[in-house]
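[1] Sequence and predicted structure are below.
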Protein chains: 2
Amino acid sequence: MQATTPIAIRRARRDDVGKIVAMLADDPLGRGRERIEEPLPECYCQAFAKLDADPNIKLVVAQDERGDVVGCLQLCIMPGLSSLGASRGLIEDVRVAVNRRSRGIGEQMVRWAVEEAHARGCKLVELLTHHTRLDAQRFYERLGFSRSHVGMTITF
Amino acid sequence: MQATTPIAIRRARRDDVGKIVAMLADDPLGRGRERIEEPLPECYCQAFAKLDADPNIKLVVAQDERGDVVGCLQLCIMPGLSSLGASRGLIEDVRVAVNRRSRGIGEQMVRWAVEEAHARGCKLVELLTHHTRLDAQRFYERLGFSRSHVGMTITF
């Protein structure tokens, strides 16, 4: 592992959306799912407006010392009845720019998300990681997550 | 499998909370997590008020022909940027009353949730099921879900 890159984590802004979508697309599983065009397809701007207005969702970016966006993560806080009415946190869409990996950026983002969920009253944080992403599973285990569940999906 | 029980699925009300918590608790994994007391601990009522006010969360119950609450399920619709800005659905807290199992109640509830998520623009519905719940995994596979992901959790 190279030296840790110091980052600032901040709420994503409208003008980060292109960089975030580029990171989502720059991945073997994400490649077929996104459209990288200039200008950015309107569907992304509409989705950003929707999530940005949602008090339970925080889409954040990691910014390095030069101000470059080098990572992203989405945290959703969900109220619920189980576990004495505790909220749950769900982490999704964690990405680090390909040329900035192995420098602790993902770790800092995920630790931030876990702390944020805890601070907002969650007793559990959960995530799904594709069964082929063995590196990701080891990464989350190192941060204290267990492989306690099977993640099941249905797509339309 | 016994004959299918016809059910109506409706939004949970404040006066269903006790029955829902009883179903959440009546389960090997849920038992240690809940408090069944009369009156119901205030934390559940507060959590219900929070989720009931959340436009992205639908906690529903299944009601049989006599009006008895025989199942529950929570669906969360989450906006996001990935997959061309599609929302995702997350199904949680699926329970069927112990004495009413194997009559298609869970199946009708989960099919309702998948259709509802689809109608609200989701391209994906996901859920986590504990790795020990093999019956649940087979049940979801039968309804079209795949075991595509590892579900990872951290608890506080």
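    Arrived safely, thanks for sending.
[2] Which residue, other than its chain neighbours, is closest to A:Leu90?
    Take A:Leu90 and drop its neighbours on the chain: the residue closest to it by C-beta to C-beta, 6 or more residues apart in numbering or on different chains is A:Cys76, 4.6 Å away. C-beta coordinates here come from the backbone N, C-alpha and C atoms, glycine included.
[3] If that neighbour is in a bridge, with which residues?
    A:Ile57, A:Leu90 (DSSP bridges).
[4] Quick one: name whatever helix or strand follows the top helix by length along chain A.
    The helix that spans the most residues within chain A, counting by DSSP state H, is helix A:105-119. Downstream of helix A:105-119, the first helix or strand assigned by DSSP states H and E is strand A:122-130.
[5] Leaving out sequence neighbours, find the closest residue to the residue located most distally from the centre of chain A.
    What lies farthest from the middle of chain A is A:Leu84; by C-alpha atoms, centre = their mean that is 26.9 Å. Among residues not flanking A:Leu84 along the chain, B:Cys43 sits closest, at 5.0 Å (C-beta to C-beta, 6+ apart).
[6] Then A:Ala8?
    A:Gln63 (4.9 Å).
[7] Okay, and the beta partners of that neighbour?
    Here A:Gln63, judged by DSSP bridges, has bridge partners A:Ala8, A:Val69.
[8] What's the per-residue pLDDT of it here?
    Looking at A:Gln63, its pLDDT is 97.
[9] contacting residues for it?
    A:7-10, A:69-70 (C-beta atoms under 8 Å, 6 or more residues apart in numbering or on different chains).
[10] From those, pick the one nearest chain B.
    For the contacts of A:Gln63, the closest approach to chain B (C-beta to the nearest C-beta) belongs to A:Val69, at 13.2 Å.
[11] what about the closest one, neighbour count?
    22 (other C-beta atoms under 10 Å in any protein chain shown).
[12] I figured it hits A:Lys19, correct?
    Yes. Counting by C-beta atoms under 8 Å, A:Val69 does reach A:Lys19; the two are 4.5 Å apart.
[13] Spit out the residues that contact the two alike.
    A:Val61.
[14] returning to that earlier point: for the host helix or strand of the residue nearest to A:Leu84, the averaged confidence score.
    Per DSSP H and E: B:Cys43 is located in helix B:42-52. For helix B:42-52, mean pLDDT rounds to 97.
[15] Quick check: buried residues in it?
    Going by neighbour count (16 or more other C-beta atoms under 10 Å in any protein chain shown), the buried part of helix B:42-52 is B:44-45, B:47-48, B:50-52.
[16] Over to stretch A:103-119?
    A:103-106, A:108-110, A:112-114, A:116-117.
[17] any bit of stretch A:139-156 sitting next to chain B?
    Yes. Stretch A:139-156 reaches chain B (C-beta under 8 Å from any C-beta of the partner chain) through A:140-141, A:143-156.
[18] who touches the helix holding B:Cys43?
    For helix B:42-52, the external contacting residues (C-beta under 8 Å, 6+ apart) are A:78-81, A:84-87, B:12, B:14, B:17, B:21, B:57, B:59, B:74.
[19] Now with 7 Å, please.
    With contact meaning C-beta atoms under 7 Å, 6 or more residues apart in numbering or on different chains, helix B:42-52 is reached by A:79-81, A:84-85, B:14, B:17, B:21, B:57, B:59.
[20] Stretch A:111-130 too?
    A:9, A:29, A:58, A:73, A:75, A:77, A:83, A:86-92, A:136-137, A:140, A:143, A:151, B:126, B:128, B:148-156.
[21] Give me the buried entries from the residues you listed.
    If you count burial by 16+ other C-beta under 10 Å, the buried members of these come out as A:9, A:58, A:73, A:75, A:77, A:83, A:86-92, A:136-137, A:140, A:151, B:126, B:128, B:148-154.
[22] and the spatially closest residue to A:Ile7 that is not a sequence neighbour, what does it touch?
    Nearest non-adjacent residue to A:Ile7, counting by C-beta to C-beta, 6+ apart: A:Ala62, 4.2 Å away. By C-beta under 7 Å, 6+ apart, the residues touching A:Ala62 are A:7, A:9, A:70-71, A:105, A:108-109.
[23] Arrange those residues in JSON lines, one row each, with distance to B:Pro39 and pLDDT as further columns.
    Shown next, in JSON lines, are the contacts of A:Ala62 (distance: C-beta to C-beta, whole Å; pLDDT from 0 to 100):
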{"residue": "A:Ile7", "distance to B:Pro39": "48", "pLDDT": "96"}
{"residue": "A:Ile9", "distance to B:Pro39": "42", "pLDDT": "98"}
{"residue": "A:Val70", "distance to B:Pro39": "51", "pLDDT": "97"}
{"residue": "A:Gly71", "distance to B:Pro39": "47", "pLDDT": "98"}
{"residue": "A:Ile105", "distance to B:Pro39": "48", "pLDDT": "97"}
{"residue": "A:Gln108", "distance to B:Pro39": "44", "pLDDT": "97"}
{"residue": "A:Met109", "distance to B:Pro39": "42", "pLDDT": "98"}
